[in-house]
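Chemist: Coordinates only, no sequence provided:
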């Protein structure tokens, strides 16, 4: 650990006899990445005064080898070099599926993924999550790979982040912070940027940790003594003040959005909102339906800001269709609350289209996550049609069986010719709307 954390080239031990006389010398150094997975080389002991080690030559050759190994990873210069970790008491299958999602999040954030690490434990260490020996080995592995960042699949409390950072001397973040970073990268509108900043500040506030508070009295009292605010208290107060200021700006934007919705509702156009798990194909579906060109990429959270378009259905009826931000498992609560104003668009919807990626092996879990969140947002009373996207990537019998089980309609978002049944269900629903009543009132259920 001294070799890794103190960045030492070599460590030598001198053995002495009972009379205090030096007898032998033994030397060790870290190894670059190698097929055997060895981390340390311990050289054979030598008699003191008879060592044949060319210390400078050995160090130069090691540095050259370390440089070659790290450069051979083909790491792009833009991204952080990350090791992804999962320390869990869950089953192996659950942990692996969650790690796959973390990998997608990491790629969406532009990280270079060097390695994924699992540790299954009966109990989670309250300080480091993992065992200290495993963390020591991980520190050396990070040095071998040239990693700059550790990303944990589990949420970390402020104390754990500090302990892990101090021990490894690497930047440490958790799943929540990774999602916040992605949202910060993708936000384009003023409202989206405010919402992300609000969520980030709420995440940071409880993680502001002061050091040497007794020496940081800045205000009040003669000569700085006596009652006053510490630097930590001032930082927290400033964060809270900024949160309040952002909230006022978001409230103003929310009022403007409500006015726009009011004007739209006066036109008596039905509103359809697309919801679903991130990267399920929501934006692609909207683009194909309306011949739009909104951003649609094969990565998580490509869409953050809601987009509305007019859609003319085959029976010549117009509707407004809206794309919304995708959901994800363990979506940070502060982020969900920050986007509450945006998600209020869903409250005005007459119909929700729940887009599900049928080709994903975890689509059942994704479906449940989205519909649980809709219930949390008190939107479960709005009629919903399940749309199983990417049906072309699975066997037809499998698609038919799953659509029958979940009362869904299969589509391929890239192929408009697969939309016949899907559009027919929308038109059937619109035909059952009460034109004289509240939007979203049913005449009968659609199966």
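Modeler: Nice, thanks for sending it over. Since this is a predicted model, take the numbers as computed values, not measurements.
Chemist: What helix or strand is residue 204 located in?
Modeler: Assigned by DSSP states H and E, residue 204 belongs to helix 190-204.
Chemist: Please give the centre-to-centre distance between that helix and its chain.
Modeler: Per C-alpha atoms, centre = their mean, to the nearest Å, the displacement of helix 190-204 from the mean C-alpha position of its chain is 15 Å.
Chemist: Quick check: next helix or strand after that helix?
Modeler: Using DSSP H and E, the helix or strand that follows helix 190-204 towards the C-terminus is helix 231-266.
Chemist: quick one: buried residues of that next one?
Modeler: 231, 233, 236, 246, 250, 253, 257, 261 (16 or more other C-beta atoms under 10 Å). C-beta here means a position set from N, CA and C on the backbone, and glycine is covered the same way.
Chemist: Can you read off the pLDDT for the residue nearest to the spatial centre of the chain?
Modeler: With the centre of the chain defined as its mean C-alpha position, the nearest residue by C-alpha atoms, centre = their mean is residue 179, 3.0 Å away. If you check residue 179, the pLDDT there is 87.
Chemist: For it, give me its contacts.
Modeler: 105, 301, 328, 331-332, 335 (C-beta atoms under 8 Å, 6 or more residues apart in numbering).
Chemist: Now stretch 12-21: buried residues?
Modeler: Buried residues in stretch 12-21, counted by 16+ other C-beta under 10 Å: none are found.
Chemist: From the chain's centroid, how far away is it?
Modeler: For stretch 12-21, the distance to the chain centre is 54 Å (C-alpha atoms, centre = their mean).
Chemist: do the same with stretch 275-293
Modeler: With C-alpha atoms, centre = their mean, you get 21 Å for stretch 275-293.
Chemist: still on that earlier bit, from the contacts of residue 179, which is closest to residue 120?
Modeler: Residue 120 has its nearest neighbour among these in residue 105, at 21.3 Å by C-beta to C-beta.
Chemist: what residues does the helix or strand containing that closest one touch?
Modeler: Using DSSP H and E, residue 105 maps to helix 92-108. The contact list for helix 92-108 (C-beta under 8 Å, 6+ apart) reads 82, 84, 86, 88, 90, 113, 116, 118, 120, 151, 153, 175, 178-179, 182, 279, 299-301, 328-329, 361-362, 365.
Chemist: Name the residues of that helix that are buried.
Modeler: Within helix 92-108, the residues that count as buried by 16+ other C-beta under 10 Å are 95, 97-99, 101-106, 108.
Chemist: Then stretch 420-429?
Modeler: When burial is assessed from 16+ other C-beta under 10 Å, stretch 420-429 yields the following buried residues: 422-423, 425-426, 429.
Chemist: which among the contacts of helix 92-108 end up buried?
Modeler: For the contacts of helix 92-108, a burial check counting by 16+ other C-beta under 10 Å picks out 82, 84, 86, 88, 113, 116, 151, 153, 175, 178-179, 182, 279, 300-301, 328-329.
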